[in-house]
Each structure stands twice: as C-alpha cells, then as structure tokens.
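Student: give me a model of this one.
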Amino acid sequence: MTHDDIARLFTRSDGSYLFARWGRPIAPIVFGVEDATLEVVKGALEAVVTLAGHQMAETDPELGSNLMFFFFRDWDELLEVPDLDRLVPDLAPLVARLKGAGANQYRMFRFDKDGAIRASFVFLRMDEALSNMPAETLALSQVVQIMLLWSDTAFQSLSPLAIAPDTDRVILRPEIAGLIAAGYAPVMPAMSQDPSHALRLFARLQAGARPE
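Tutor: The predicted structure is shown next:
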C-alpha cells in the first residue's frame, strides 16, 4: 500500500483529509437480531478491537452504549424506536433521504471535543443483498468501517475484506488490518486533518508497526 493509497482512504469527496479513531472504550449494543447473529457481531468487534490494541467496555459512562447496531427490514422502523430521535438529529429527514436513495446501510459518528470518535450508529436495512451475505462477512465489514473514520469513498472500488487462501474464509485484508493497527498506535493522534498524517501511517506500515 503506497502513501497515496493510504491518503485516498481518508480523503473525502470534497478533497479534505480527515482521520479519526475511537477515543474511549467501545460499549456496543445490537438490536434486531437473534442470539446467534449477536455473537457473530460481537465476535467480529472483539477481533478488530484486539487487532487495534483498543478496549471494549460493558457500558459507556456518558451514553450507556456508544456503538449501536440496528438491523431491520424497512427504514420506517427507525422512526418507531423510542428516543432514537434524541440520539440521531433530524432522524425523520434522514430516513426519508435513505428511503429515496434505496440505501441498505448507513453509518454515522459523533465526536468528542478533541475530534476522536465518541459514538457510532450503524443502520442496516436487510434487503436481499444484505440478507444473502454470510453473517460473518456482514459483521466484519461493518465493524471495520466504524473502527476508523474512513473517507466516504474509501471502499467504493475495493472491499476491506478478502478470501483467505486455501480456506475460503473471509478475512480482513492484511493491508487494512495493518493500517488499523498503525492508526491506533499510542504515538499517533486520535484525530488529524493534516494530509501529512498519511505519511506517518505509511511509515508505520513500512516498519511493520503494531500497537505498542
């Protein structure tokens, strides 16, 4: 992965560079799935959090749960979730926009005063495409996309996942795994808008850096 490849993953469609990682332990909750799928989602999250050298928690002292996954069949179901409109500003217009676009997923983030991720909401409308996807693949894909604030165009042409040779198991691409680990290194900032940040990530990848 070149420096330019890395920079593109955090350069938004408006041309601005923005990197952010979680600044607090992740306390997840999952709505709308059976216990078996719940375990798959939490297993994927634990694996990627461990890779990053980050932490999980039972509760967040401010929000209770700071990572919420919602699985549902129709966007209008979100309007019936008690108090969700207090957590997600302008929920009704958002739902209308996602319905109009025919979207099957949406992720949003909230940030602390230093720009680090403090909360994330993952909305998954289980249409035919998502329903036909193995639970492990869907879970890992979504977890990867909330571990860092990637560009809004980051994975449009290339998935963060790959098929492991000889096993047919879906895994995180090694270069993406290395980038997550590099981004969570203690010497790296929790948030950066400076494009030179990509050079620091590139240097850590070149050195085979892992969380310390």
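Student: residue 204: neighbour count?
Tutor: Applying other C-beta atoms under 10 Å, we find 19 residues neighbouring residue 204. Any C-beta I mention is one placed from the backbone N, CA and C, and that applies to glycine too.
Student: CA atoms of the strand or helix carrying residue 129 as PDB?
Tutor: Element membership of residue 129 [criterion: DSSP states H and E] is helix 128-131. C-alpha atoms of helix 128-131 as PDB (Å, rounded to 0.1, in the frame of the first residue of the first chain):
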ATOM      1  CA  GLU A 128     -32.000  -9.200  -0.400                       C
ATOM      2  CA  ALA A 129     -28.300  -8.300  -0.900                       C
ATOM      3  CA  LEU A 130     -27.500  -8.000   2.800                       C
ATOM      4  CA  SER A 131     -29.700 -11.000   3.700                       C
END
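Student: who's in contact with that helix?
Tutor: 104, 105, 124, 138 (C-beta atoms under 8 Å, 6 or more residues apart in numbering).
Student: keeping just the C-alphas, turn the longest strand along the chain into CSV.
Tutor: Longest strand in the chain by number of residues (criterion: DSSP state E): strand 117-125. Output of strand 117-125 as CSV, limited to C-alpha atoms (Å, rounded to 0.1, in the frame of the first residue of the first chain):
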residue,chain,number,x,y,z
ILE,A,117,-14.9,9.1,17.8
ARG,A,118,-17.2,9.0,20.9
ALA,A,119,-20.1,7.2,19.4
SER,A,120,-21.3,5.5,16.2
PHE,A,121,-24.6,4.3,14.9
VAL,A,122,-24.9,1.5,12.3
PHE,A,123,-28.2,1.1,10.4
LEU,A,124,-28.6,-2.0,8.2
ARG,A,125,-31.8,-2.5,6.2
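Student: how far does it sit from its chain's centre?
Tutor: 8 Å (C-alpha atoms, centre = their mean, to the nearest Å).
Student: again, but for stretch 172-187
Tutor: 13 Å.
Student: from residue 23, how far out is residue 155?
Tutor: 23 Å (C-beta to C-beta, to the nearest Å).
Student: over to residue 159?
Tutor: 27 Å.
Student: neighbour-wise, which of the two wins?
Tutor: Taking neighbours as other C-beta under 10 Å, residue 159 and residue 23 compare with residue 23 leading, 16 against 13.
Student: and the spatially most central residue of the chain, helix, strand or coil?
Tutor: Compute the mean C-alpha point of the chain, and by C-alpha atoms, centre = their mean the closest residue is residue 146, 1.2 Å away. Secondary structure, DSSP: H, G, I helix; E, B strand; the rest coil: residue 146 is helix.
Student: doesn't residue 68 make contact with it?
Tutor: No: in this structure, residue 146 is not within contact of residue 68 by C-beta atoms under 8 Å, at 10.4 Å.
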